[in-house]
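Colleague: sharing a model prediction with you, sequence too.
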Amino acid sequence: MDGFKFKKSLGQNFLIDNNIIDKIMSNIVVDEDTLVIEIGAGSGNLTCNLASICKKLICFEIDGRLESTLKKRLACYSNVNLIMQDFLKADISTIIENCNLSKLVVVSNLPYYITTAIINKFIENNIFPDKFLLMMQLEVGNRITANVGTKNYNSLTVCLNYYYNINKLFVVKRTCFKPIPNVDSVVISMNKKIRKLSKDEEAIFLKLVRDSFRQKRKTLKNNLDSYDLNLMAIILNKLGKDLSVRAENLTIDDFVEISKFLFNH
Ligand code: SAM
């Protein structure tokens, strides 16, 4: 990798600390039925470790300059499918289906500029991996794991915590990367939960959460002015709240209950 010119625009901060790689690996459990997807293989520092423990690994890398390095490093593994493509443009449903494995684990030292786009791509394609193990910017990790009523709690927090049990595993200092980024990072695990809503109710839930947080400082009365506010007042009352509440003070269960109620009325 000598002389490689890292592209900031592609979020290229490669993990060079083997202790952190070991720590990430110790949090990944796979079996004979598990497909692992890695997004942003870089020069393959994590990729080789993943290839050595899993039945099948699919890794994506957008930067064509890394292809020969990756091919060389992965040549000894017959279970790896390297896809040199923008992950956001890939037909992941077909790729996953073709592997015919029942479990899915997604691992990534994420290119930070598209952290949420990558997670959203799975949800929008109705693909819910059994586990995500993701390195992300500490700030984004704090948002995803924020408690209700705090300033970091937002629509992404609510949506992701509806689908997943999310844990902050450990913070990673910026010096563990090359080149050194401007921010520290955190490794997050997200384990799939049993969902409490039907498909139709979920559609209401996702829209409700988005609409409720439309303008963060505004009350539900303001943000949900296109909803039947009488109905909203009834269900909020049942939850011990009223229309003057802000979205950041509603728990995930509150949003679930409101969605069920709206679906039935
Ligand atoms: N996994 C490597 C590691 O841990 O050292 C590299 C991680 S680096 C933070 C992110 C990688 O994602 C870079 O190699 C970058 O080129 C790649 N990348 C950026 N955008 C991408 C995209 N849309 N699709 C696939 N890979 C992407």
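Modeller: Arrived safely, thanks for sending.
Colleague: distance check, V30 against the ligand.
Modeller: Separation of V30 from the ligand (C-beta to the nearest ligand atom, to the nearest Å): 18 Å. Heads up, the C-betas are built off the backbone N, CA and C, glycines and all.
Colleague: now that residue: phi and psi?
Modeller: phi -130, psi 160 (degrees, to the nearest 10).
Colleague: those residues of the stretch 101-250 of the chain touching the ligand, which are they?
Modeller: With C-beta under 6 Å from any ligand atom as the criterion, the stretch 101-250 of the chain comes near the ligand at residues N109, P111, I114.
Colleague: let's see 8 Å
Modeller: S108, N109, L110, P111, Y112, Y113, I114, I118, M135, F177 (C-beta under 8 Å from any ligand atom).
Colleague: just the buried ones from those?
Modeller: S108, N109, L110, P111, Y112, I114, I118, M135, F177 (16 or more other C-beta atoms under 10 Å).
Colleague: wait, is the first one part of a helix?
Modeller: No. Using DSSP: H, G, I helix; E, B strand; the rest coil, the secondary structure at S108 is strand, not a helix.
Colleague: find the nearest non-adjacent residue to it, please.
Modeller: I39 (4.1 Å; C-beta to C-beta, 6 or more residues apart in numbering).
Colleague: so that neighbour touches K121, yeah?
Modeller: No. With contact defined as C-beta atoms under 8 Å, I39 does not count as touching K121 (9.4 Å).
Colleague: would you map the helices across the stretch 51-200 of the chain?
Modeller: Counting by DSSP state H, counting those that start in this stretch, the stretch 51-200 of the chain has helices at residues 67-74, 92-99, 115-124, 138-144, 155-163, 199-212.
Colleague: tabulate those in a markdown table, adding columns for distance to K7 and mean pLDDT.
Modeller: Below are the helices of the stretch 51-200 of the chain laid out as a markdown table (distance: least, C-beta to C-beta, whole Å; pLDDT from 0 to 100):
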| stretch | distance to K7 | mean pLDDT |
| --- | --- | --- |
| helix 67-74 | 15 | 97 |
| helix 92-99 | 23 | 97 |
| helix 115-124 | 17 | 94 |
| helix 138-144 | 20 | 95 |
| helix 155-163 | 26 | 96 |
| helix 199-212 | 32 | 96 |
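Colleague: that concludes my questions; thank you for your assistance.
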